[in-house]
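J.: What follows is a predicted structure for the sequence shown.
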Amino acid sequence: MTMLKNNFKNLIVLDLANNHFGDLNHAKKVVSGFSKIINKYSINCTIKFQFRDLDNFIHKDYKNSDLKYIKRFRETKLDENEFKKLFSFIKSKKIKTSCTPFDEVSIKIIEDLKFDYLKIASVSALDFSIHERAIKNKIPKLISTGGLTIDEIDKIVSFYSKKKQKFAIMHCVAIYPSKNTDLNLSVIENLIKRYPGIPIGWSTHENPNELNPSILAYAKGARIFEKHIGINSKKYKLNDYSITPELFEKWYCNLSSGIEILGKNKKIVNNKEKITLSNLQRGVYAQTNIDKYNTIKKKNVYFAIPLQKGQLSAIEFKNKLISLKNFIKDKPLIKKYIKQDEHTKSEELIFSYLHELKGMLNQQSINIGSTFDLEISHHKGIKNFKKVGAFLFNIINKEYAKKLIVMLPNQEHPSHHHKKKVESFLIVFGKLYIKNNTKRFNLNPGDTYHVNKNTWHQFKAGNQGCIFEEISTRSIKSDSYYRSKKLKALERTDRKTFINNWFSVKNILNKKV
């Protein structure tokens, strides 16, 4: 399912719940206090109500009961007109609105008022009568999962996915307040893996003075947070899990600092790092006089600081380097007067591509073993492989065939067709852009695409790369016909390198480039 994540990205849900205490003026004071913090930091916030059609929600025989929750709901009741006034007041502060309905009638009020979000509480998460009514609108849904087993969450996710709803799942522990030992934040990571493409958040009930849990939740992948709110008042006592505006500001600033420290989920190399490290790197110096056009061996050099401008560094020293001038003992080896054997350079390029390939497979938990049948297709040469080419693992080739194809970010595969083979692609990871004759298609994980005989097709990976399975009739080596005249003229062994092991150069069977 394709989710519109921007509906939920870095959203903070502030649950007013019953902390308005049934007092409209008090509720406005709460909103005013939090609106100052929200607008000060331009926080993506929504203030959340709870709706109950109390006349029908509470059984007629228990209208005046002293049962804890019935008494609380009765004593903190706001009528529909008061809610409308509070709704307008929140909108006047340029804050989004959300609401939890506890019955079907309340959903109609949410629709009529045009709330920005609809929240399903943990207590209603398995109440499919409410779900069936909720999906009749297109309001983005937040669904809490307190007290639910993973198979029960599976059921909810399947239901909302099938109904093509915009929704997010909120990890929740329905203990008020929750102790740190109750929080179980590691499950957030598992929810993200189990429900790819669905935003995952955390509905929190910990002590308001606890600041670390939210950073840990964010580190595990939570991108939505829900907190109960209120203000201190002589008239109304605030509960132990609701946060005041002052503590909310402290909490938000602490979370923002944590997010800044965590950084982006990819390796970033700063130029300052490079400069610092280059000042500490060793340079390559001649141990003996080295004659022009000789191979530079390790016994002929030594490594020492400082690394001088233009000098070959210790980390750049490789086998089969050739000197293009005479080097005098104890003098630096200057890079522009050194070249590498072309064959060795090609082998190093191949291994650099293999390292990247293995990293992509590991990241997606795909294990192809230590020995395999791999073709590296480099249609425009090894040097241009990152632009044009693909990795092809030959898994099965009988009456039917299966390949695992891996393409690096933005890598292209040129236009070709097969006269004998019919093939189907199943996308495992990333995006694949296919051109079939004159038609173009964008494929995402889980999508399949079929290519008939004699059909010109070419494809390109998305900016994360792409991994996909090819299932076909028997694969025949001579059955690829390229549109490009240059590629037509190449022998198959000129545009492919064959590998059967990750580790040894001896396993590069074809060394043409």
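T.: Arrived safely, thanks for sending. As the structure is a computational prediction, the values presented were derived from the model and not from experiment.

J.: residues in contact with residue 52?
T.: Going by Cβ atoms under 8 Å, 6 or more residues apart in numbering, residue 52 touches 73, 102, 103, 106. Where you see a C-beta, it was placed from the backbone N, CA and C, and this is true even at glycine.

J.: I'd like those laid out as JSON lines, including secondary structure.
T.: Below are the contacts of residue 52 laid out as JSON lines (DSSP: H, G, I helix; E, B strand; the rest coil):
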{"residue": "73", "secondary structure": "helix"}
{"residue": "102", "secondary structure": "coil"}
{"residue": "103", "secondary structure": "coil"}
{"residue": "106", "secondary structure": "helix"}
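
J.: so which one among the residues you listed has the lowest pLDDT?
T.: When the contacts of residue 52 are compared by pLDDT, residue 73 scores lowest at 87.

J.: Out of the contacts of residue 52, grab the one that's most surrounded.
T.: Among the contacts of residue 52, the one with the most neighbours (other Cβ atoms under 10 Å) is residue 106, at 22 neighbours.

J.: Show me what the closest residue to that one other than its chain neighbours bridges to in the sheet.
T.: Distances taken as Cβ to Cβ, 6 or more residues apart in numbering put residue 51 closest to residue 106, at 3.5 Å, once the chain neighbours are dropped. In this entry, residue 51 is beta-bridged to residue 101, by DSSP bridges.

J.: picking up where we left off before, can you tell me which of the contacts of residue 52 lies nearest to residue 150?
T.: Nearest to residue 150 among the contacts of residue 52 is residue 102, at 24.5 Å by Cβ to Cβ.

J.: correct me, but the closest one touches residue 58?
T.: No - Residue 102 is beyond contact range of residue 58, at 10.7 Å (criterion: Cβ atoms under 8 Å).

J.: Could you list which residues are in contact with residue 353?
T.: 376, 385, 386, 391, 408.

J.: so where's this protein shaky on pLDDT?
T.: Within the chain, the segments meeting pLDDT under 70 span 1-6, 504-513.

J.: Would you map the helices across it?
T.: Remark: helices assigned in the chain by DSSP state H are 24-41, 54-57, 68-75, 80-92, 104-113, 128-134, 150-162, 187-194, 212-220, 245-262, 271-278, 342-363, 485-489.

J.: Including distance to residue 403, could those helices go into JSON lines?
T.: Shown next, in JSON lines, are those (distance: least, Cβ to Cβ, whole Å):
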{"stretch": "helix 24-41", "distance to residue 403": "51"}
{"stretch": "helix 54-57", "distance to residue 403": "59"}
{"stretch": "helix 68-75", "distance to residue 403": "60"}
{"stretch": "helix 80-92", "distance to residue 403": "56"}
{"stretch": "helix 104-113", "distance to residue 403": "50"}
{"stretch": "helix 128-134", "distance to residue 403": "42"}
{"stretch": "helix 150-162", "distance to residue 403": "30"}
{"stretch": "helix 187-194", "distance to residue 403": "26"}
{"stretch": "helix 212-220", "distance to residue 403": "35"}
{"stretch": "helix 245-262", "distance to residue 403": "38"}
{"stretch": "helix 271-278", "distance to residue 403": "39"}
{"stretch": "helix 342-363", "distance to residue 403": "14"}
{"stretch": "helix 485-489", "distance to residue 403": "19"}
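
J.: Nearest to residue 497, out of those?
T.: Using Cβ to Cβ, the nearest of those to residue 497 is helix 342-363, at 6.2 Å.

J.: Tell me, how many residues neighbour residue 273?
T.: Residues near residue 273, counting by other Cβ under 10 Å, number 10.

J.: Next: residue 132.
T.: Neighbours of residue 132 (other Cβ under 10 Å): 12.

J.: Let me see the contact set for it.
T.: Neighbours of residue 132 in contact, by Cβ under 8 Å, 6+ apart: none.

J.: how long is stretch 330-343 end to end?
T.: End-to-end span of stretch 330-343 (Cα to Cα, to the nearest Å): 29 Å.

J.: okay but the residue nearest to residue 106 is in contact with residue 109, surely?
T.: Yes - with contacts counted by Cβ under 8 Å, residue 51 reaches residue 109, the gap being 5.8 Å.

J.: So for the two, which sits in the more crowded spot?
T.: Neighbours per residue (other Cβ under 10 Å) separate residue 51 from residue 109, with residue 51 holding more: 22 against 18.

J.: Distance of the more buried one relative to residue 223?
T.: Residue 51 sits 26 Å away from residue 223, going by Cβ to Cβ, to the nearest Å.

J.: ok, now residue 292?
T.: 61 Å.

J.: Looking at the two now, which is surrounded by more residues?
T.: A direct count of neighbours by other Cβ under 10 Å for residue 292 and residue 223 places residue 223 higher, at 18 against 11.

J.: I'd say the more buried one and residue 198 touch.
T.: No - taking contacts as Cβ under 8 Å, residue 223 lies outside contact range of residue 198: 11.0 Å.

J.: which stretches of the stretch 251-400 of the chain form strands?
T.: 283-286, 295-296, 301-304, 321-323, 338-340, 371-377, 390-397, 400-407 (DSSP state E, counting those that start in this stretch).

J.: any idea which of these is most buried?
T.: Most buried of the strands of the stretch 251-400 of the chain, by mean neighbour count (mean count of other Cβ atoms under 10 Å): strand 283-286, with a mean of 22.

J.: helices and strands around it, which ones?
T.: Counting contacts by 3 or more Cβ pairs under 8 Å, 6 or more residues apart in numbering; DSSP states H and E, strand 283-286 is packed against strand 301-304.

J.: ok, and what's touching the strand it packs on?
T.: Strand 301-304 has contacts (Cβ under 8 Å, 6+ apart) with 282, 283, 284, 285, 286, 287, 290, 314, 317, 333.

J.: can you name the two of those residues that are farthest apart?
T.: 282 and 290 (17.7 Å).

J.: And the two? Which one has more around it.
T.: Under the neighbour definition other Cβ under 10 Å, residue 282 and residue 290 were set side by side, and residue 290 has more, 21 against 16.

J.: Touching, that one and residue 297? I think so.
T.: No - if you go by Cβ under 8 Å, residue 290 and residue 297 don't touch, sitting 9.1 Å apart.

J.: Surely residue 113 touches residue 87?
T.: Yes - in terms of Cβ under 8 Å, residue 113 counts as a neighbour of residue 87; the distance is 5.5 Å.

J.: Identify the contacts common to the two.
T.: With Cβ under 8 Å, 6+ apart as the test, residue 113 and residue 87 both reach residue 97.

J.: residues of stretch 435-455 that come out buried?
T.: Residues of stretch 435-455 classed as buried: 436, 443, 445, 449, 451 (neighbour count, 16 or more other Cβ atoms under 10 Å).

J.: Equivalent analysis for stretch 416-431, please.
T.: For stretch 416-431, burial by neighbour count (16+ other Cβ under 10 Å) applies to 416, 417, 418, 421, 423, 425, 427, 428, 429, 430, 431.

J.: now those residues as TSV including distance to residue 228?
T.: Output for the buried residues of stretch 416-431, formatted as TSV (distance: Cβ to Cβ, whole Å):
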residue	distance to residue 228
416	60
417	62
418	62
421	61
423	55
425	48
427	42
428	41
429	39
430	40
431	40
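
J.: tell me which of those is nearest to residue 404?
T.: Looking across the buried residues of stretch 416-431 and measuring by Cβ to Cβ, the closest to residue 404 is residue 428, at 8.1 Å.

J.: mind checking how far the closest one is from residue 445?
T.: 6 Å.

J.: can you check residue 175 too?
T.: Separation of residue 175 from residue 445 (Cβ to Cβ) stands at 36 Å.

J.: Equivalent analysis for residue 213, please.
T.: Taken as Cβ to Cβ, the span from residue 213 to residue 445 is 32 Å.

J.: care to break the protein down by domain?
T.: 6-262, 271-340, 344-507 (automatic domain parsing).

J.: Now for the nearest residue in space to residue 394 that is not next to it in sequence: which residues touch it?
T.: Spatial nearest neighbour of residue 394, excluding adjacent residues (Cβ to Cβ, 6+ apart): residue 373 at 4.2 Å. The contact partners of residue 373, by Cβ under 8 Å, 6+ apart, come to 393, 394, 498, 500.
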